[in-house]
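>>> need a structure here:
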Amino acid sequence: MEAWPLLLATTLSAGTVLAFAALGLLINERAGILNLGAEGMMLVAALAGYATVVHTGNDWIGFAAGMAAGALMAASFGYLVIWLNTNQYATGLALSLFGAGFSAFMGLRYTKETLPPRAHYDLPGLADLPFAGPALFRHHPLVYVAVALTVAMIWFLYRSRAGLVLRAVGESPESAHALGYPVRRIRMAAVMAGGALCGLSGAYVSVVYTPSWIEGLIAGKGWIALALTAFATWRPARVLLGAYLFGGVTMLQLHLQAEGIDVPSQILSMLPYLATIAVLVLISRNAAWTRVNMPASLGKPFSPGG
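Modelled structure (predicted):
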């Protein structure tokens, strides 16, 4: 029975990584921008967060550095695709490749660095509960922030005027522009906010989830987060549930190995990516269903002049 609370706890931690990144990409896509550069942004942010904690000893400054790095990379992407109307797919892929190479080069000196001792977080009165204590109440605060952020995003998108404007920009930018809304500035703000959340996800990986730095640390999580937005039909609550589902699949491979299950380790390592492919195949079987839920202008350029 002790294995089950541990599996649930690690699932929540792994899901938090995907939740922050996928929620950031969700903001982008709700505004009509498709950013394929999540992997690169997360890698650069992971390095920025890790290096900052190495030099300052403060995790929260590291998270801020990661968010700033993600927002800065997203801003460069946003300038190219929003103001210069470059192809969103090609520009996003270029951003991802740049982030991978840049983080590998700049991170060489940090591969042998170590972080200060990690703090332990327990919720008083709840952490000692049987089963629920170790499973739910001994997590880093950002695990709970991910849940709160999901609730806040639901309210923002469906209950606030700003969220309505953002969705209008994603559905019909021409109509939003005709009503006097600055479509390009709104999209840029959405892109930078999404980049900051991808940056927070990357910093969480290097500072909390696997407190270390190696080349390629993100290991495809940015691509999984990108697939997760389509899997969740662009809805925040489903993004969070999907993140925990994918996080559980990721952690399951480790627990199966720890239990000595006689399955080749290569197959277990493939599980998260096989699950991603299976989800994309299931989604693509119903093109009409996807079109109904997908923002109408997703991936399409916008020119105010027509």
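
>>> ok, Gly299 to Val44 distance?
From Gly299 over to Val44 the distance is 23 Å, taken as C-beta to C-beta, to the nearest Å. The way it works is simple: take the backbone N, C-alpha and C, and place the C-beta from them, glycine included.

>>> ditto for Arg185
Taking C-beta to C-beta as the measure, Arg185 falls 24 Å from Val44.

>>> between those two, who's got more neighbours?
Val44 (28 against 11; other C-beta atoms under 10 Å).

>>> isn't that one right next to Met73, touching?
Yes. Using C-beta atoms under 8 Å, Val44 is in contact with Met73, at 5.9 Å.

>>> hey, what's in contact with both of these two?
Overlap between the contact sets of Val44 and Met73, as judged by C-beta atoms under 8 Å, 6 or more residues apart in numbering, is given by 99, 199.

>>> quick check: what element follows the longest helix belonging to the chain along the chain?
Secondary structure assigned by DSSP state H gives helix 3-30 as the longest helix of the chain. Scanning forward in sequence from helix 3-30, with DSSP states H and E defining helices and strands, the next element found is helix 38-56.

>>> give me the packing partners of that next one, helices and strands only.
helix 3-30, helix 59-78, helix 88-106, helix 183-204, helix 221-231 (3 or more C-beta pairs under 8 Å, 6 or more residues apart in numbering; DSSP states H and E).

>>> for Arg138, which of these is the nearest?
Evaluated with C-beta to C-beta, the helices and strands packed on helix 38-56 place helix 3-30 nearest to Arg138, the distance being 6.9 Å.

>>> flag every buried residue along the closest one.
Counting neighbours by 16 or more other C-beta atoms under 10 Å, one finds that the buried residues in helix 3-30 are 5, 7-30.

>>> for that helix, name the packing helices and strands.
Taking 3+ C-beta pairs under 8 Å, 6+ apart as the contact definition, the neighbouring helices and strands of helix 3-30 are helix 38-56, helix 132-136, helix 141-159, helix 161-171, helix 183-204, helix 221-231, helix 236-258.

>>> give me the angle between the last one and helix 221-231.
Between the axes of helix 236-258 and helix 221-231, defined by axes from the mean of the first three to the mean of the last three C-alpha atoms, to 10 degrees, the angle is 130 degrees.

>>> following helix 236-258, which helix or strand comes up?
With elements assigned by DSSP H and E, the helix or strand that comes after helix 236-258 is helix 265-284.

>>> show me how far that following helix is from its chain's centre.
Chain-centre distance of helix 265-284: 18 Å, with C-alpha atoms, centre = their mean, to the nearest Å.

>>> right, I'll leave it there.
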